[in-house]
Structures are given as structure tokens and as C-alpha cells.
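Enquirer: coordinates only, sequence not included:
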């Protein structure tokens, strides 16, 4: 009898390989200055480029001239599941699996507030973009165990993030203000890293760049705009940072949180207020456009499953949450009891280029319409590069 893992693989899904993942990179950084994924120098520059899928990286490098970084410098690893920024970066900063920290997506159910919550805005998902009362971040984010472990080894550390993110819920909760260095552009970020490298005073430099992801959402991940943006970033990297790293005693480690897949508007499935699906649910669906979580009433499970199969057809794969958890796809075969409720009763994993979501009353549809998406288990989303220079 075929297992759920077999079924997922037959669907063409790529499952996380935790021993060869961006989470394992973070764990090696926390544990030591040496490791097969992080090099052997005592000082590190660790750069996460949001949205840099391996397939996109390979395509751009093959098409371009020398960038100072070759394909031989990179290996293909996986991200974790769901392949969403909030989940992956929580794993990277905490060194914990999704099963251990429970921050599944930007939009996640928080029972202390009794509703789906937007983790970026620290506000109810239904009021996205409002300026109402903020959700307390300690109910959402895990502790920064990787950063604590690095500091605990006596290492001096700096966190380099976009100025617009420096006041976010994650930044304010997980980082110390004195550790944060803000940047505005990619080149500005590289200059700041370069100056820290040249001074030699900082042992660990951890940087996060988010604008490639933004371009992929707006233009779609296989657009000329995105490819040229990435090519420009690699050229700037070669020109500004790589010369400073030569003989510096720093390893440069570059990876990503996830890749992207094109999600055309015509493949974007939205349920609206009043949709019959809501009759079966305790709370509206939450998660991301490529993977959604449902809390189904006990009395409605069978009819809910039939309704989803009838209305969505082959656009996604609906899976019992307990069965999916038992595969270990979230990093462990048992979820921390504090967070088990967040995984709901059912998980919808989108196939192909389909997207799914619930459109809250009074929210303009256009703010949810993006040409690129992530969160599911396609090769474009799950495979990311690990570049070691």
C-alpha cells in the first residue's frame, strides 16, 4: 500500500531534506566555526537572499558572464516546509523545525487571540493594513536560539536588514537593537558588510535581503525584470564584496529561504464571504497562497473533503493534518503540543501554478494578487542554492 510520502512524490512534490537544508546551515553556524556547509574559517558572512531559488540562480549564472560566483561554488539544497519566508526564517534564526516553533506562515491561527493573525503586521489577518492594536510578538515568534548560541561562544555578531524591516515584529522580538545595522539598497548592504569585514571586529555578520522576493511577486519569477535584477545583484557582489573577502579570514555563505513559482491570476482560486466552505470551518482558512490550513468541525470532515475535491479538482492536494505530520515533513513526527492546534485538521498543498486563499470582507482583492508565489512543494520553491566562497 502506497504511503502518503509516496503519494506526494508521485504528485511531483519535492520533500525537505533536513540534513541538506538551510536549517542545517543555521544549526552548523550555531554549533561551530567549522562545518561541511559553512566552511572552516573562524569568521562568517551569512547572507540570506529572499526568493533566490536554485533553478533561478542556475539559469541566470548560465546566461551571464562571470559574476565571481560560479555554479561550482554552489550546491543544491532544500528549504523546509511550508516554503514561506516567515516559517523558514523562524527556522533559520531559531535553529528549530516547523514542528518545534509552529510559525507556519505569515497568517497563522493564534488561539490566545482566537483568530488568524498576520505575523508581519502583528494584527488580525482580517484587518490587514489597518493601524489598530498590535498582537504581542511573544505569542508568535520563537526565540533566536541560533543567535544566542553564536553569542554564547563569545562571538561578536551583527544583523544587517532592510531599514523597512528593522521595526517589524520579528526584528523587534528576535534581535537586540545594538546588533542591528540597517540598509536601504543591495549595494548599501554590501558596503556595510565590506566595512565590517575590513574592520575585522565582527565575528559573525548575518544579512537578510528581501527585494528579489518582492520583484518575483510583482513581475513573476521567470520574467526578464527578475533575471536582470539578480544578475545586477551578482555583479555588485563581485565588484563590492568579493575583493574585500580575499584573505580576510571570513567565509561567505549565501543561501535563500525559498524559490518562487509563477502563479497567474487566472489560476488564483479565492473563496469569498458566504462561500459554502465556511460552513464546515471553525475559522477561515489561513496560511499562504500555496499552502493553506483548515480547522474543520468534527461533524463536517467528510463533507468538507468531498466539497474541496468537487470545487478544487486537481488544483491542490488536500491532506489530513495528522497524517501529514506523521510523515515528518515538518521536521519531526510529533508537533510541540503548544502549537499543534495551528496545523489544523487539514492541509491544502497547491499543485502546478495554482494559488488559493480566502478574501476577507472589505479587503480589496488586488492586494492579494501576485504573479509569483511560494509555500508549496514544487522544485522551483523547495530547491535553493548554498553558495560557499
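Expert: Received, thanks. These figures come from a predicted structure and were not determined experimentally. Numbers count the residues shown, from 1 in each chain.

Enquirer: give me the number of residues near residue 180?
Expert: 17 (other CB atoms under 10 Å). Every residue, glycine included, has its C-beta placed from N, CA and C.

Enquirer: an error on my part: the question was meant for residue 54.
Expert: Residue 54 has 23 neighbouring residues, counting by other CB under 10 Å.

Enquirer: from residue 190, how far out is it?
Expert: When CB to CB, to the nearest Å is the yardstick, residue 54 and residue 190 sit 22 Å from each other.

Enquirer: name every strand pairing with the lowest-mean-pLDDT helix or strand in the chain and say which way it goes.
Expert: The helix or strand of the chain with the lowest confidence, counting by mean pLDDT, DSSP states H and E, is strand 123-124 at a mean of 80. For strand 123-124, the pairing partners within the sheet under DSSP bridges are strand 115-118 (antiparallel).

Enquirer: ok now the strand it pairs with, how far from the chain's centre?
Expert: Using CA atoms, centre = their mean, to the nearest Å, the distance from the centre of strand 115-118 to the centre of the chain it belongs to is 18 Å.

Enquirer: now the residue of the chain positioned farthest from its centre: how far from residue 278?
Expert: When distances to the mean C-alpha position of the chain are computed (CA atoms, centre = their mean), the maximum falls on residue 299, with 34.0 Å. As defined by CB to CB, residue 299 lies at a distance of 15 Å from residue 278.

Enquirer: also residue 204?
Expert: 47 Å.

Enquirer: who's more crowded, the two?
Expert: When neighbours are counted by other CB under 10 Å, residue 204 and residue 278 differ, and residue 204 comes out ahead with 24 against 15.

Enquirer: skip ahead from the least confident helix or strand of the chain and say which helix or strand is next.
Expert: helix 145-152 (DSSP states H and E).

Enquirer: let me know the next secondary structure element after that next one.
Expert: strand 157-162.

Enquirer: contact partners of stretch 315-333?
Expert: Stretch 315-333 is touched from outside by 3-5, 7-8, 11, 15-16, 18, 23, 80-81, 91, 96-100, 267, 269, 293, 305, 308-309, 312, 334-335, 343-352, 354, 356, with contacts defined as CB atoms under 8 Å, 6 or more residues apart in numbering.

Enquirer: so which of those sit within strands?
Expert: Judged by DSSP state E, the subset of the contacts of stretch 315-333 located in strands is 269, 293, 346, 347, 348, 349, 350, 356.

Enquirer: for the closest residue to the second one other than its chain neighbours, give its distance to residue 108.
Expert: Spelled out, it's residue 293. Leaving aside its chain neighbours, residue 293 sits nearest to residue 344 (4.2 Å; criterion: CB to CB, 6 or more residues apart in numbering). Note on residue 344: its distance to residue 108, by CB to CB, is 10 Å.

Enquirer: mutual contacts of those two, please.
Expert: Each of residue 293 lies in contact with both residue 344 and residue 108 under the rule CB under 8 Å, 6+ apart.

Enquirer: give the residue spans of the stretch 101-250 of the chain that score low on pLDDT.
Expert: 126-133 (pLDDT under 70).

Enquirer: and residue 55, that's in a helix?
Expert: Yes - note on residue 55: a helix contains this position according to DSSP: H, G, I helix; E, B strand; the rest coil.

Enquirer: before we move on, the earlier item: list the contacts for the residue nearest to residue 293?
Expert: Residue 344 touches 109, 293, 294, 295, 296, 321, counting by CB under 8 Å, 6+ apart.

Enquirer: can we see that at 7 Å?
Expert: Contact analysis of residue 344 by CB atoms under 7 Å, 6 or more residues apart in numbering lists 293, 294, 295, 321.

Enquirer: how many neighbours does the third one have?
Expert: The reference is to residue 295. So residue 295, with other CB under 10 Å, has 20 neighbours.

Enquirer: likewise the last one?
Expert: Each residue near residue 321 was counted by other CB under 10 Å, and the total is 20.

Enquirer: tell me who's in contact with the closest residue to it other than its chain neighbours.
Expert: The spatially closest residue to residue 321, leaving aside those adjacent along the chain, is residue 343, at 4.9 Å (CB to CB, 6+ apart). By CB under 7 Å, 6+ apart, the contact set of residue 343 is 293, 321, 325, 335.

Enquirer: who wins on neighbours among the residues you listed?
Expert: Among the contacts of residue 343, residue 293 has more neighbours than the rest - 24 neighbours, counting by other CB under 10 Å.

Enquirer: wait, isn't that residue in contact with residue 286?
Expert: Yes - the pair formed by residue 293 and residue 286 meets the contact definition of CB atoms under 7 Å, at 5.6 Å.

Enquirer: show the model's pLDDT score for the residue most central in space within the chain.
Expert: The structure's the chain has its C-alpha centroid closest to residue 85; by CA atoms, centre = their mean the separation is 2.2 Å. On pLDDT, residue 85 comes in at 96.
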